[in-house]
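Visitor: Need a 3D model of the sequence below.
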Amino acid sequence: RLDREAGEYVLLPNFRLPTHIHSRSANSKWLAEIAHRNPVWLHPQDARDLGVTDGDLLKIETEIGHFVDKVWVTESIKPGIVGCSHHIGRWRRQQDAGNRYMSAKVDITNPEPGRWRMRTLAGVEPWKSNDADTRRVWWRDGGVHQNLTHPVQPDPISGAHCWLQKVRLTKPGPDEKYGDIEVDTDRSFAYFKKWNQWAKDAETHPNGLRRPLWMGRPLTPARDQFYIDK
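Guide: From the prediction side, this is the model:
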């Protein structure tokens, strides 16, 4: 259940913009120029309740951490739902080469056991290479990485990850900035074990079948891959 008075919402983190496909299309400079940000989608009614408008920062608190992102007020999403598109928010450390069209440079710290922080040092920047277009990069925002803040939620039946989750929306503190991420890995493991308790034991699967044979897929695995090894 959601406590709206406490700022609780449903996070939709896995919808995709038509421009990108997962994070693979970040290698396409044309697509990166078209779409390179993933603001938080918020209904006008919810924006009024939270006292925010376009471009304001919001802190999205999950069960295991939080990330800080900008607001985009739109009627394209229902009240009570907050959306943050998948496939944007790539990052790289100082020592990483990586793809620079869509990745921000970050610093990762471990202030205490089980607690990790990631802070943006610099956004997307132009650079010299054998491709002249890399010097023409005009955008600086590479989006916010949200995946690390998502707890592992294995579906009890299929084993697939349950993406939708309850979050709490608050305004960030004075020291919290756009792109900040914090994760508690101890809480993450505890949350995984909580969800794992709801999964079925192998003995409950008929004849060791771990997924329905009739489940249609574009590329179906070999039949023996549907069974649990004994």
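
Visitor: And the helix ranked longest in the chain, how far out from the chain middle?
Guide: Secondary structure of the chain per DSSP state H: the longest helix is helix 185-196. Relative to its chain's centre, helix 185-196 lies at 18 Å (C-alpha atoms, centre = their mean, to the nearest Å).

Visitor: Likewise for stretch 8-22?
Guide: From the chain centre to the centre of stretch 8-22 is a distance of 8 Å (C-alpha atoms, centre = their mean).

Visitor: what about the residue nearest to residue 162 when sequence neighbours are not counted, neighbour count?
Guide: Closest residue to residue 162 apart from its sequence neighbours, by C-beta to C-beta, 6 or more residues apart in numbering: residue 153 at 4.0 Å. For the C-beta atoms, the positions are set from N, CA and C on the backbone; glycine is no exception. The local packing of residue 153 (other C-beta atoms under 10 Å) involves 19 other residues.

Visitor: and if you look at residue 101?
Guide: Neighbours of residue 101 (other C-beta under 10 Å): 23.

Visitor: Now do the contacts for it.
Guide: 26, 27, 28, 29, 32, 33, 36, 124, 137 (C-beta atoms under 8 Å, 6 or more residues apart in numbering).

Visitor: any weak-confidence spans in this structure?
Guide: Scanning the chain for pLDDT under 70 picks out 22-23, 98-99, 200-206, 215, 230.

Visitor: residue boundaries of the helices in it?
Guide: Counting by DSSP H, the helices of the chain are 29-34, 44-50, 185-196.

Visitor: Can you say which of those helices is nearest to residue 4?
Guide: Nearest to residue 4, of all these, is helix 44-50, at 7.9 Å by C-beta to C-beta.

Visitor: ok, now which ones touch the residue nearest to residue 162?
Guide: Contacts of residue 153 (C-beta under 8 Å, 6+ apart): 161, 162, 163, 165, 191, 195.

Visitor: one more time with 7 Å, if that's ok
Guide: Residues near residue 153 by C-beta atoms under 7 Å, 6 or more residues apart in numbering: 161, 162, 165, 195.

Visitor: Now the buried members of these.
Guide: 165, 195 (16 or more other C-beta atoms under 10 Å).

Visitor: Quick check: the farthest pair among the contacts of residue 153?
Guide: Longest span within the contacts of residue 153, C-beta to C-beta: 165 and 195, 11.0 Å.

Visitor: Against residue 20, how distant is residue 52?
Guide: 26 Å (C-beta to C-beta, to the nearest Å).

Visitor: Excluding chain neighbours, give the residue nearest to the residue of the chain most remote from its centre in space.
Guide: The centre of the chain is farthest from one residue, residue 207, which by C-alpha atoms, centre = their mean lies 36.5 Å away. What sits nearest to residue 207 in space, not counting adjacent residues and going by C-beta to C-beta, 6+ apart, is residue 227, at 7.4 Å.

Visitor: Equivalent analysis for residue 176, please.
Guide: Computed as C-beta to C-beta, 6+ apart, the closest residue to residue 176 that is not its neighbour in sequence is residue 68, at 5.4 Å.

Visitor: next one: residue 199
Guide: residue 156 (4.9 Å).
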